[in-house]
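Undergrad: Fold the following.
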Amino acid sequence: MAGDFIRQLDDASMQRGRSILHRMNIDITMLFLLLVLCAGGLFILYSASGQNMGMVNRQMIYFALGFFIMIVIAQVDPRWFHMAAPWMYGAGIIALILVLLVGVGAKGAQRWLSVFGVFRFQPSEIMKLITPMMVAWYLSSKLLPPRLKVISSVLMLVFLPALLIFKQPDLGTALLVSSAGIFVLLFAGLSSKWIAIAVVTVLAVAPIMWYGVMHDYQKQRVLTFLDPESDPLGSGWNIIQSKTAIGSGGLEGKGWMQGTQSQLEFLPERHTDFIIAVYAEEHGLIGVLILLMLYLLIVMRGIYMASRGRDTFARLFAGALIVTFFIYVFVNIGMVSGILPVVGVPLPLISYGGTSIVTLMAAFGVIMSVYMHRRI
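TA: Next comes the predicted model:
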C-alpha cells in the first residue's frame, strides 16, 4: 500500500512537471537531449581547457543564458517572427555595415560591435537566424515551388549579408549564413534543374573566387587541406596534430584527461574549433559514435518539430534552423578530421564560446515556438 501511494505521488509529480513545461511551450524530449549534450560538453571542456574551472564556469553561465533565451523565445508566437522579419533583416544589414566601419578587431579580423565600450556582440552570428527568417518570410507569400524571378530575389537576400560577413573577413560564418538561407529555398521545393544549374555556376565561379576574392590565408587553408604535410610545422600543423589525436584514441580512447596530444598542448585551439579531437583521443571511436548519435537524435526531433508548423513560414524557418545545426556538426567534424578545409566553425554546444551558444539556443527556442504553437 505504501509503495503504491509513493508511486502515485511520483506519477502526479511527473505529470505536474510535464504540465508546467507544456504551458511554457517547452518540448520535453528536445529539452532533455539539449541538457544531456550541454552537460557532456562541460566535462569535455574541462579536459580540453586544461582543467580551467574559470572557463568551465563561464561556459555554464553561457548555457544558463542560452536556456533562458530559448524559453523566452519559445513563448513568442511564430506570427510575430513573420511580422518582424523584414525589420530585423534591415537592422542586421545595418549592423554588419557598422562592423566594417567602426567594428572592434581581433586577430586580423573585424567582427564585433562594442556597446558603450562594455559589451561586445557579433552581428554575423545573429544573421544565422535572421537570414533564413527573411527568406522564409519572402517565400511564404509566393507561389511554390519558386520560379526564376523568386529564386533570384532570394539569392540577393542571402548573399548581401554573406558578402558583408566575408569582408570582415569571416569565410566560415559567411558560408553558414548562406547555407541557412539556401536551405529555406530547398525546403520550398526547388527543382532539381535549378540545383544542377547552381552546381555548374559554383564550379564556373570558383576560379574567380580563388584569384579575385579569397584572401591569402583562406587560399592557404584550402592548400593545407589538400596537402597538410607540405608545411607540417606551419599551416599544416593544426590538421596534422588533430588527425594524430583522433587516430591515437583508437576504439575506446585513452581516458578522460589522459590524452597526450591535448594535455601536452600539441593540439591547438583545443577548447574551441578542435575540441572534437580532444574528445576522440580520450574516448575513442565508441565515444564519438555516442556523441554523433546524440546529435542525430536532436536533428531528427528538430525536423519532426519543424514539420508540424502550422504554416509555410513556420515550417521553412524552423526547418532551415535545424538543418543549419546539422551543418555546424558536419563542417566542424569534417574539418577536424581532414575531409574539409579549416573554416573556423565551432562544434555546437561543445566548443567554448558565448555568442555561438546563445545563437544556437535562440534557434531551438524558435523551433519550440513553431512546434508548441501549432495548435493555436
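Undergrad: all contacts plus neighbour counts: C-alpha atoms, from now on.
TA: Will do.
Undergrad: Check the gap between residue 132 and residue 74 for me.
TA: Residue 132 sits 18 Å away from residue 74, taking Cα to Cα, to the nearest Å as the criterion.
Undergrad: So which of these two has more stuff around it?
TA: A side-by-side neighbour count of residue 132 and residue 74, using other Cα atoms under 10 Å, places residue 132 first with 31 against 26.
Undergrad: Now do the contacts for the more buried one.
TA: 180-184, 317, 320-321 (Cα atoms under 8 Å, 6 or more residues apart in numbering).
Undergrad: Which element, helix or strand, includes it?
TA: Here residue 132 sits within helix 123-139, counting by DSSP states H and E.
Undergrad: low pLDDT regions in this structure?
TA: Where the chain drops to pLDDT under 70, the residues are 1-18, 105-109, 116-118, 210-213, 215, 217-218, 220-237, 264, 375-376.
Undergrad: Start from the N-terminal end of the stretch 201-350 of the chain and give the helices.
TA: 216-226, 237-248, 260-263, 275-307, 312-336 (DSSP state H, counting those that start in this stretch).
Undergrad: Highest mean neighbour count out of those?
TA: Comparing the helices of the stretch 201-350 of the chain by mean neighbour count (mean count of other Cα atoms under 10 Å), helix 312-336 ranks first with a mean of 23.
Undergrad: what does the next helix or strand after it contact?
TA: For helix 312-336, the following helix or strand on the C-terminal side (DSSP H and E) is helix 354-372. Helix 354-372 is contacted by residues 25-27, 59, 62-63, 65-67, 69-78, 121-122, 125-126, 128-129, 302, 305-306, 308-310, 314-315, 318, 321-322, 325, 346, 348-349 when judged by Cα under 8 Å, 6+ apart.
Undergrad: Can you say which of those residues are buried?
TA: For the contacts of helix 354-372, a burial check counting by 16 or more other Cα atoms under 10 Å picks out 25-27, 59, 62-63, 65-67, 69-78, 122, 125-126, 128-129, 302, 305-306, 308-310, 314-315, 318, 321-322, 325, 346, 348-349.
Undergrad: What angle do helix 275-307 and the helix or strand hosting residue 39 make with each other?
TA: For residue 39, the host element (DSSP H and E) is helix 28-48. Helix 28-48 runs at 170 degrees relative to helix 275-307, counting by axes from the mean of the first three to the mean of the last three Cα atoms, to 10 degrees.
Undergrad: list the helices and strands helix 28-48 packs on?
TA: Other elements packing on helix 28-48 under the criterion 3 or more Cα pairs under 8 Å, 6 or more residues apart in numbering; DSSP states H and E are helix 2-23, helix 53-74, helix 260-263, helix 275-307.
Undergrad: List the contacts of that helix.
TA: Counting by Cα under 8 Å, 6+ apart, 18, 21-22, 52-53, 55-56, 59-60, 63, 256-257, 262-263, 270-271, 275, 278-279, 294, 297-298, 301-302, 349-352 sit against helix 28-48.
Undergrad: Residue 100 is in contact with residue 168, correct?
TA: Yes. Judged on Cα atoms under 8 Å, residue 168 makes contact with residue 100 at a distance of 6.5 Å.
Undergrad: Which neighbours do these two have in common?
TA: With Cα under 8 Å, 6+ apart, residue 168 and residue 100 have common neighbours 110-111.
Undergrad: before we move on, back to that, output the helices of the stretch 201-350 of the chain as TSV; include the columns distance to residue 362.
TA: Putting the helices of the stretch 201-350 of the chain into TSV (distance: least, Cα to Cα, whole Å) gives the following:
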stretch	distance to residue 362
helix 216-226	30
helix 237-248	30
helix 260-263	31
helix 275-307	13
helix 312-336	10
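Undergrad: Now the lengthiest strand in the chain - C-alpha only, PDB.
TA: Counting by DSSP state E, the longest strand found in the chain is strand 109-115. Output of strand 109-115 as PDB, limited to C-alpha atoms (Å, rounded to 0.1, in the frame of the first residue of the first chain):
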ATOM      1  CA  ALA A 109      39.500  40.300 -38.300                       C
ATOM      2  CA  GLN A 110      36.900  43.000 -37.600                       C
ATOM      3  CA  ARG A 111      33.800  41.200 -36.500                       C
ATOM      4  CA  TRP A 112      32.400  42.800 -33.300                       C
ATOM      5  CA  LEU A 113      30.400  45.900 -32.300                       C
ATOM      6  CA  SER A 114      31.100  47.400 -28.900                       C
ATOM      7  CA  VAL A 115      28.200  48.900 -27.000                       C
END
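Undergrad: by contact count, what packs against it?
TA: If contacts are counted by 3+ Cα pairs under 8 Å, 6+ apart, strand 109-115 sits against helix 78-102, strand 104-106, strand 119-121, helix 123-139.
Undergrad: Give me the next element, helix or strand, following the last one.
TA: By that I understand helix 123-139. Counting by DSSP H and E, the next helix or strand C-terminal to helix 123-139 is helix 148-166.
Undergrad: The helix or strand just after that following helix - contacts with which helices or strands?
TA: Beyond helix 148-166 on the C-terminal side, the first helix or strand identified by DSSP H and E is helix 171-187. Contacts defined by 3+ Cα pairs under 8 Å, 6+ apart place helix 171-187 against helix 123-139, helix 148-166, helix 312-336.
Undergrad: In CSV, list the C-alpha atoms belonging to helix 171-187.
TA: Below are the C-alpha coordinates for helix 171-187, written out as CSV (Å, rounded to 0.1, in the frame of the first residue of the first chain):
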residue,chain,number,x,y,z
LEU,A,171,34.5,32.9,-44.6
GLY,A,172,33.2,30.2,-42.2
THR,A,173,30.3,32.3,-40.9
ALA,A,174,29.6,33.7,-44.4
LEU,A,175,29.2,30.1,-45.7
LEU,A,176,26.9,29.2,-42.8
VAL,A,177,24.7,32.2,-43.3
SER,A,178,24.5,31.4,-47.0
SER,A,179,23.6,27.8,-46.2
ALA,A,180,20.9,28.8,-43.8
GLY,A,181,19.2,30.9,-46.4
ILE,A,182,19.7,28.4,-49.2
PHE,A,183,18.1,25.6,-47.1
VAL,A,184,14.9,27.6,-46.9
LEU,A,185,14.9,27.7,-50.7
LEU,A,186,15.5,23.9,-50.9
PHE,A,187,12.6,23.2,-48.5
